[in-house]
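Q: task: produce atomic coordinates for the following.
(2 chains)
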Number of protein chains: 2
Amino acid sequence: MNDFIFHNPDKVYFGKNQIENLPKEILSIGNKVLLVYGGGSIKKNGLYQKITGLLKDSGIQIFELSGVEPNPRHTTANKGAEICKAEKIDVVLAVGGGSVIDCSKGIAAAAVAKSGDVWELVSKGVWVTEALPVIAVLTNAATGSEMDAWAVISNMETNEKIGLGGSALIPKAAFENPEYSYSLSAYQTACGAFDIFNHVLDNYYLAGDKTFDLVLEFQEAVMRAVVKWTPVALKEPENYEARANLMWASSMALNTVLDGGTVHGCACHMMEHELSAYYDITHGHGLAIVTPRWLAYILNENTAPAIYRLGEKVFGVEKGLDNMEGARLAIDAVWNFCFNTLGLKPNLTDLGIGKENFEKMAQHACFGGEISGPKNLTPKDVEAIYNMCL
Amino acid sequence: MNDFIFHNPDKVYFGKNQIENLPKEILSIGNKVLLVYGGGSIKKNGLYQKITGLLKDSGIQIFELSGVEPNPRHTTANKGAEICKAEKIDVVLAVGGGSVIDCSKGIAAAAVAKSGDVWELVSKGVWVTEALPVIAVLTNAATGSEMDAWAVISNMETNEKIGLGGSALIPKAAFENPEYSYSLSAYQTACGAFDIFNHVLDNYYLAGDKTFDLVLEFQEAVMRAVVKWTPVALKEPENYEARANLMWASSMALNTVLDGGTVHGCACHMMEHELSAYYDITHGHGLAIVTPRWLAYILNENTAPAIYRLGEKVFGVEKGLDNMEGARLAIDAVWNFCFNTLGLKPNLTDLGIGKENFEKMAQHACFGGEISGPKNLTPKDVEAIYNMCL
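A: Sure, this is the predicted structure:
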């Protein structure tokens, strides 16, 4: 069993009646915020008006950065950092889903960096230990960014989408009201749900016993929650219980409660980031296309018991089968969840993606080495998996 | 589903090679510590020498309070608080099990209180928001105090044992090395394990659906871990994996990861605290005596499904039975775990306890009202349960 450090000081306000606590949380740090959001859906559902009203009533001065992209650009983060420096912002307030929160983290890090350039931090792999405080108001159950130490930033000039990590990137507070996710489309809901699912699966310890029993069982419980509640949310977008279960699953997936000595893999995430970087597709959809193929590709006598266990514990695959047979049924169940339950299109060609960049993408996904996991992946392996996705 | 706040900023260093980080954690706050410990077992196993050596090498000034009792007294906490005030202590460093950590929290709170008296805080039910920082080095998997916001303090003059809570009582950091628990006796191991088990069971949502599926499943996973690994630790006291699973289960049981909208009950804890307050018995043993009787007492058509679920999920009771029958088998399984697997004696009379104080104890356990839970308990109910324990 590996040694580990567990530390997540994020303060989560969960539920229907928590947003009133937002001004207090901001004022405990300062009174100048940069309000960061996306395409304006928060104006349609009234959240923008609610929040700006609360802040103004408390004497908090608001600056704004809107238009954050679904795969947030380094240029947008740098624009936010400039505002922070010029206006001496105290708190970066993200109101949105994972992209908005990730962009806000990029802003918060760049705002205190000498260069003011988030891409310099990203490309050098800097572990961020100083940043402006970020507070998140979550509107989509998906990335876990509301409770984790990571941001994923895209550079569309170089076709790169890379994670930026650091203890200073864990939000100071997060506000999670499941009602804020009622207005998500079925497609956004499905993509977000699969992102949660894969955050767990990518780190599910597929080939050993290096962690606690209870961590494996926690992981399975979170995946089961996604499998159970996503169809409910798709059918009844305003089902509070379904949205609440998905939102808490999103936070639990990456707040390191599911860690505890595990070795992180992130194979599907590494492969998907290339797809988004080259083709600007929705992350969760790319993950859904890659994941069942990855499982099929890594299936062997060593990995079969754990893949079968996934099937049994999460999808109810029958007990007592041969490991290889059980694992194949598990992969079928993941496939069925992605493309029937969630209704996502199964092939890269459905998104207009051909094989023309696979070799470059595979090289880059491996960062000059291999992607570690239950079976390590070379660029040749990654290219083969991309080809399975066509 | 209830709204809730999740916030646990405790930084846990878990594993074999973490204690070297202790001076750094202390020095991030100050350089004067009050080292608090119990009867001296840490001198026998070398932990005292290790820690004082590390601290001295880092220029940290050490004051000491030893002899903390298994049910820590308010007088001991007050003595520690006096030292803190006189010596301007920066950090209270608890090295021991739950009693030592609880006492240290009492010290930390009293040291900044005007009166300097922890019992004033306890008896007034003050929610502690200011205290000296506590750092814990854990030697026993049991109370969860290393990661929670609570301390239980005993006043032997008034036969009272009461919880003191507050956000300021969450330790700043906790060091959890499973090896530090190798030297525990079988009795201490068994009592600690049952304390963990009951922390979950007391809050297991026995009569409804007010929380997330994944919270219930997390709770079951923690109880299963205790049921699986305690016999291993009893048989092989130096089995790292067993000790590690128990230690992490201890922290997980009360760090609020298992909450998320649940309603806390604490029925068995409330009833046991009276036993310890009157007879100074070991808390986990008292809990083991009370718990199966409590389950039998509250069993009815409403509570049966959840008690049966406990049996099925945690002890492998057969599926598909009638709820009442399944629940009875579940209670048998809890009984068997307490008195056969753990080897604890089953009756209060085994500990020399008779019925002479039951009426007073039952009154006090209810604090003038009822103990809430899956079935609320009046003083008459509590007295009946005590009588079942004779």
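Q: how many residues are close by A:Gly67?
A: 12 (other CB atoms under 10 Å in any protein chain shown). Using the backbone N, CA and C atoms, a C-beta is placed for each residue, glycine as well.
Q: look at it and tell me its secondary structure.
A: Under DSSP: H, G, I helix; E, B strand; the rest coil, A:Gly67 falls in the coil class.
Q: surely A:Ala288 and A:Cys338 touch.
A: Yes: here A:Ala288 reaches A:Cys338: they are 4.1 Å apart, a contact under CB atoms under 8 Å.
Q: looking only at neighbour counts, state which of those two leads.
A: More crowded of A:Ala288 and A:Cys338, by other CB under 10 Å: A:Ala288, with 28 against 25.
Q: if we can go back for a sec, overlap in contacts, A:Ala288 and A:Cys338.
A: A:Phe194, A:Leu344 (CB atoms under 8 Å, 6 or more residues apart in numbering or on different chains).
Q: residue contacts, A:Glu64?
A: By CB under 8 Å, 6+ apart, the residues touching A:Glu64 are A:Leu34, A:Leu35, A:Val36, A:Tyr37.
Q: wait, doesn't the third one sit right on A:Gly67?
A: No: judged on CB under 8 Å, A:Val36 makes no contact with A:Gly67 at a distance of 9.7 Å.
Q: give the buried residues for stretch A:5-13.
A: A:Phe6, A:His7, A:Asn8, A:Asp10, A:Lys11, A:Val12, A:Tyr13 (16 or more other CB atoms under 10 Å in any protein chain shown).
Q: if we can go back for a sec, just put the contacts of A:Glu64 in JSON lines and tack on neighbour count and distance to B:Gln363.
A: Putting those into JSON lines (neighbours: other CB atoms under 10 Å in any protein chain shown; distance: CB to CB, whole Å) gives the following:
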{"residue": "A:Leu34", "neighbour count": "25", "distance to B:Gln363": "57"}
{"residue": "A:Leu35", "neighbour count": "23", "distance to B:Gln363": "55"}
{"residue": "A:Val36", "neighbour count": "31", "distance to B:Gln363": "56"}
{"residue": "A:Tyr37", "neighbour count": "25", "distance to B:Gln363": "56"}
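Q: could you dump the residues you listed to a markdown table with secondary structure?
A: Formatted as a markdown table, the contacts of A:Glu64 follow (three-state DSSP):
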| residue | secondary structure |
| --- | --- |
| A:Leu34 | strand |
| A:Leu35 | strand |
| A:Val36 | strand |
| A:Tyr37 | coil |
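Q: with those residues in mind, which one is nearest to A:Pro133?
A: A:Leu34 (11.2 Å; CB to CB).
Q: residues in contact with that closest one?
A: A:63-65, A:80, A:83-84, A:87, A:89, A:91-93, A:104, A:107.
Q: give me the neighbour count for A:Thr230.
A: Neighbours of A:Thr230 under the rule other CB under 10 Å: 25.
Q: which SSE is it in?
A: Assigning secondary structure by DSSP states H and E places A:Thr230 in helix A:213-235.
Q: ok, back up a step: nearest to A:Lys44, of the contacts of A:Glu64?
A: Nearest to A:Lys44 among these, with distances taken as CB to CB, is A:Tyr37, at 11.6 Å.
Q: hmm, that closest one is touching A:Ser66, no?
A: Yes: if you go by CB under 8 Å, A:Tyr37 and A:Ser66 touch, sitting 5.3 Å apart.
Q: for chain A, which strand is longest?
A: Counting residues, the longest strand found in chain A (DSSP state E) is strand A:4-14.
Q: hmm, who's touching the next helix or strand after that strand?
A: Downstream of strand A:4-14, the next assigned helix or strand under DSSP H and E is helix A:22-27. Contacting residues not belonging to helix A:22-27 are listed as A:11, A:13, A:33, A:51, A:54-55, A:57-58, A:60, A:90-91, A:93, A:135, A:137, A:172-173, A:175 [CB under 8 Å, 6+ apart].
Q: ok, stretch A:35-43 next?
A: Contacts of stretch A:35-43 (CB under 8 Å, 6+ apart): A:48-49, A:51-52, A:55, A:62-70, A:80, A:92-97, A:99-100, A:103-104, A:107, A:139, A:183.
Q: got any ranges where chain A has weak pLDDT?
A: Judged against pLDDT under 70, the low-scoring parts of chain A cover residues A:206-210, A:263.
Q: repeat that for 80
A: Across chain A, the ranges flagged by pLDDT under 80 are A:205-211, A:261-265.
Q: for A:Glu356, what are its contacts?
A: Contacts of A:Glu356 (CB under 8 Å, 6+ apart): none.
Q: how near is it to B:Gly144?
A: Per CB to CB, to the nearest Å, A:Glu356 is found 56 Å from B:Gly144.
Q: re earlier: which of the contacts of helix A:22-27 fall in strands?
A: A:Lys11, A:Tyr13, A:Val33, A:Val91, A:Leu93, A:Ile135, A:Val137, A:Ala173, A:Phe175.
Q: keep these, but drop any that are not near chain B.
A: A:Lys11, A:Tyr13 (CB under 8 Å from any CB of the partner chain).
Q: nearest to chain B among the ones in strands among the contacts of helix A:22-27?
A: Nearest to chain B among these, counting by CB to the nearest CB, is A:Lys11 at 4.1 Å.
Q: excluding residues flanking it in the chain, which one is nearest the residue positioned nearest the centre of chain A?
A: Geometric centre of chain A, nearest residue: A:Thr143, 2.2 Å, by CA atoms, centre = their mean. Of all residues not flanking A:Thr143 in the chain, A:Gly98 sits nearest, at 2.7 Å (CB to CB, 6 or more residues apart in numbering or on different chains).
Q: got a list of what that neighbour touches?
A: By CB under 8 Å, 6+ apart, A:Gly98 lies in contact with A:Asn140, A:Ala142, A:Thr143, A:Gly144, A:Ser145, A:Glu146, A:Asp195.
Q: same check on A:Val257?
A: Contacts of A:Val257 (CB under 8 Å, 6+ apart): A:Asn8, A:Phe218, B:Val257.
Q: of the contacts of helix A:22-27, select the buried ones using a ChimeraX command.
A: Selecting only the buried entries of the contacts of helix A:22-27 in ChimeraX, with 16+ other CB under 10 Å as the criterion:
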select /A:11,13,33,51,54,55,60,90,91,93,135,137,172,173,175
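Q: alright, calling it a day.
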